[in-house]
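Asker: Pasting the sequence and the predicted coordinates here, then a few questions.
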Amino acid sequence: MRDNTARPLVLPVAPTRGRLRPLGLDEVRITGGFWARRRHTNATATLGHCRDWMEREGWTGNFRAAAEGRVHTDRRGREFADSEIYKLLEAMSWAGAAYDGDVAALTDVIAPAQHPDGYLNTAFGRPGQQPRYSDLEWGHELYCHGHLVQAGVAQARARGEGELTKIARRAADHICTDFGPGGNQGLCGHPEIETALVELARLTGEQRYLDQAALFLGRRGHGTLADIEFGRAYFQDDLPVRRATALRGHAVRALYLAAGAVDVAVETGEEELLAAVVRQWEATVARRTYLTGGMGSHHRDESFGDDFVLPPDRAYSETCAGVASVMLAWRLLLATGEPRFADLAERTLFNVIAASPSEDGRSFFYANTLHRRHRGTVPPADRVSPRADSGLRAPWFAVSCCPTNVARTLAQLPAYLATADDDGLQLHQYADAELATSLGDGQGVALRVRTDYPSGGTVAVRISRSPARPWTLSLRVPAWTAGETARLVDPDGNRRTVAPGTALVTRVFRPGDELRLELPVTPRWIRSDPRIDATRGTVAVQRGPLVYCAESTDLPDGHDVDALRVDPSAEPEDGPDGTVLAPGEVAEPHDTAWPYPPLEEATTAAAVLESITLVPYHSWANRGPSTMRVWLPTTPPPTTPTGRQP
């Protein structure tokens with residue numbers, strides 16, 4: 001692994017070693033297009049929306065109540081409500097100087113609630129409350145401390161060490177004292193502290209934080225936590241991390257734990273641990289992941305299902321699991337340099353992260369179903385939604401982990417675009433952007449990316465500054481181009497076909513040189529593995545990285561998406577305004593007294609459409625209540641008079 005100790009400071013993830021060196025928020029700027037619009041909405045609407053709702057619901061006030069000795073009677077929200085304040089602080093720190101005042105004001109609120117030994121939690125540890133760490137399964141104390149530490153690291157890297165960073169370090173020191181060797185041998189029911197401690201070790205150079213993260217990782221999987229209704233796999237406490245073969249249990253917990261394991265493996269050089277996480281990721285992507293990149297098919301326990309148990313209408317696919325999946329994929333990409341991890345990150349960003357917030361950034365999906373059978377009702381704008389329903393986006397939830405997770409992800413998104421190594425620069429995600437960094441020998445390089453991706457497939461890269469020596473520019477060729485033709489045009493005008501993976505150009509670049517990656521962004525049919533019972537007899541449409549869906553809003557009045565049938569023998573085509581037109585029909589079934597007729601009996605009425613309008617999945621439910629489906633039934637094959645296929 002390469003040594004990354006000379007890394008830039010403004011980094012959400014800053015491994016000291018690895019195959020690739022990430023570029024920081026001070027080196028990459030998104031200037032336009034799909035992600036620039038969403039980041040603008042995040043900065044101008046979502047961050048303030050989250051702050052106002054947390055004040056309104058009393059979650060910010062919990063810290064005031066704790067400092068004033070009345071928290072045992074006045075505390076509001078769930079036991080993990082503190083973590084939402086910390087995630088918001090992290091997002092604001094990455095968002096830039098415009099939020100310095102908000103960060104300072106919130107820090108002033110939480111600081112008086114910290115105990116002299118560094119412990120900080122408003123749900124435990126004071127008169128009238130449960131004792132500290134008396135409910136490690138469900139109390140989320142270490143989880144909350146983890147998000148506090150990540151907020152402190154974000155402040156230090158983005159704005160310079162301030163009071164929030166000092167609070168975070170005191171909390172981390174307390175954890176190392178209380179849970180270190182000879183101390184409490186427990187662990188948290190919700191992983192998160194592990195990756196936070198590693199990042200603090202990277203920031204400070206303090207070995208004890210890394211050692212404590214490794215201790216927590218080693219304790220998990222030995223039945224330390226209580227057995228519960230969902231089993232110890234819910235907490236990933238059934239098998240040691242190094243022995244597990246796939247991600248299992250609560251999806252967010254599993255993904256956070258895997259991210260922490262990669263962090264520990266990279267910093268300690270433990271290749272066996274890294275290889276174990278890679279194997280788990282491979283099995284999970286191959287057998288337990290939705291077409292959108294979503295993870296988690298169980299509503300009851302927010303968990304992964306068994307292999308190939310991926311029902312579209314019961315997809316939980318929590319937004320936070322999407323965030324955690326991107327976190328894990330990014331760490332694996334940095335450690336290994338393999339583009340397949342960026343492929344999954346791209347799919348998840350466009351189809352889960354982008355789907356959660358509404359167009360105005362003030363309401364959110366918690367769960368992300370792939371099939372909505374009933375039109376939802378518009379959630380009240382002035383009340384908390386009690387359920388993680390996915391009919392329409394809600395302004396706030398009783399458990400509002402997803403809005404703040406989306407906010408911090410969008411705030412740090414430029415850091416996911418590119419990396420560097422001793423030989424050159426690598427582009428992993430495509431957006432209008434400007435990049436400037438130094439190569440391994442300290443010489444500067446800068447470039448501009450222009451693209452309307454994902455609407456269009458042309459990515460133009462113009463060199464602005466370059467050393468007078470050969471270096472390599474690498475561009476990811478997405479896995480979704482398989483079976484199609486992607487091309488790379490070099491600065492001399494030479495065009496060559498490139499396969500999924502990585503396209504490399506090595507040369508002495510000069511300012512003004514331009515190369516183009518031409519990706520085949522056209523609609524195409526997608527089928528599912530036949531072992532996924534719930535999607536047999538159906539197909540989906542994908543265009544570039546975007547998954548598409550049918551929405552009842554685009555159907556004639558009185559018709560619904562469950563009446564759709566498409567014809568995969570003809571190709572889908574581009575429609576107006578980013579839509580796709582799929583050959584098919586709406587044919588309402590007959591009502592019968594018995595729902596199981598013989599094969600040869602006609603069951604549908606005449607078709608009322610000849611093509612179906614599909615919209616990007618991330619945009620659904622922005623036009624009011626609707627039904628929706630991603631996987632579309634196909635038209636039946638022609639039959640003989642006896643009902644048999646010819």
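Answerer: Arrived safely, thanks for sending. Numbering: from 1, shown residues only.

Asker: how about the helices in the stretch 351-500 of the chain?
Answerer: 401-411 (DSSP state H, counting those that start in this stretch).

Asker: again with the stretch 51-200 of the chain
Answerer: 61-67, 71-74, 81-95, 100-110, 141-159, 163-179, 193-204.

Asker: And the shortest one, what's buried?
Answerer: When you say that, I think you mean helix 71-74. residue 71 (16 or more other CB atoms under 10 Å). Where you see a C-beta, it was placed from the backbone N, CA and C, and this is true even at glycine.

Asker: helices and strands of the protein: which one has the lowest mean pLDDT?
Answerer: Of all the helices and strands that make up the chain, strand 2-3 has the lowest average by mean pLDDT, DSSP states H and E, namely a mean of 58.

Asker: distance of the closest residue to residue 168 other than its chain neighbours from residue 263?
Answerer: Leaving aside its chain neighbours, residue 168 sits nearest to residue 152 (2.5 Å; criterion: CB to CB, 6 or more residues apart in numbering). Distance from residue 152 to residue 263, counting by CB to CB, to the nearest Å: 16 Å.

Asker: who has more neighbours, the two?
Answerer: Higher neighbour count among residue 152 and residue 263: residue 152, with 31 against 27, using other CB atoms under 10 Å.

Asker: I'd say the more buried one and residue 170 touch.
Answerer: No - contact criterion CB atoms under 8 Å: residue 152 and residue 170 do not qualify, at 9.5 Å.

Asker: Tell me which residues touch the residue nearest to residue 168, please.
Answerer: 164, 165, 166, 167, 168, 169, 200 (CB atoms under 8 Å, 6 or more residues apart in numbering).

Asker: now do residue 192
Answerer: Residue 192 neighbours (CB under 8 Å, 6+ apart): 142, 143, 146, 147, 256, 260.

Asker: Which helix or which strand is home to the fifth one?
Answerer: Which is residue 256. helix 251-268 (DSSP states H and E).

Asker: now for that helix, which elements pack on it?
Answerer: On a contact count with 3 or more CB pairs under 8 Å, 6 or more residues apart in numbering; DSSP states H and E, helix 251-268 meets strand 17-18, helix 193-204, helix 207-219, helix 271-287, helix 319-336.

Asker: Between helix 271-287 and it, find me the angle.
Answerer: Using axes from the mean of the first three to the mean of the last three CA atoms, to 10 degrees, one finds that helix 251-268 and helix 271-287 are set 150 degrees apart in direction.

Asker: just the angle between helix 251-268 and helix 141-159, please?
Answerer: 60 degrees.

Asker: Work out the gap between helix 251-268 and the centre of the chain.
Answerer: Centre-to-centre, helix 251-268 and its host chain are 15 Å apart (CA atoms, centre = their mean, to the nearest Å).

Asker: Please apply the same query to stretch 526-534.
Answerer: On CA atoms, centre = their mean, the centre of stretch 526-534 falls 24 Å from the chain's centre.

Asker: So what touches it?
Answerer: Contacts of stretch 526-534 (CB under 8 Å, 6+ apart): 291, 307-308, 310-313, 535-536, 538-542, 631.

Asker: Report the contact partners of residue 344.
Answerer: Residue 344 sits next to 285, 289, 293, 325, 329 when contact means CB under 8 Å, 6+ apart.

Asker: Among those residues, which one has the most neighbours?
Answerer: With neighbours taken as other CB under 10 Å, the top of the contacts of residue 344 is residue 325, carrying 32 neighbours.

Asker: surely it meets residue 290?
Answerer: No - using CB under 8 Å, residue 325 makes no contact with residue 290, being 10.8 Å away.

Asker: thinking again about what came up before, tell me the average confidence for the helix holding residue 256?
Answerer: For helix 251-268, mean pLDDT rounds to 98.

Asker: next one: stretch 89-103
Answerer: Mean predicted lDDT for stretch 89-103 stands at 97.

Asker: which other residues reach it?
Answerer: With CB under 8 Å, 6+ apart, stretch 89-103 has contacts from 12, 25, 42-43, 47, 50-51, 106-107, 147, 150-151, 154-155, 158-159, 162, 164, 404, 407-408, 410-412.
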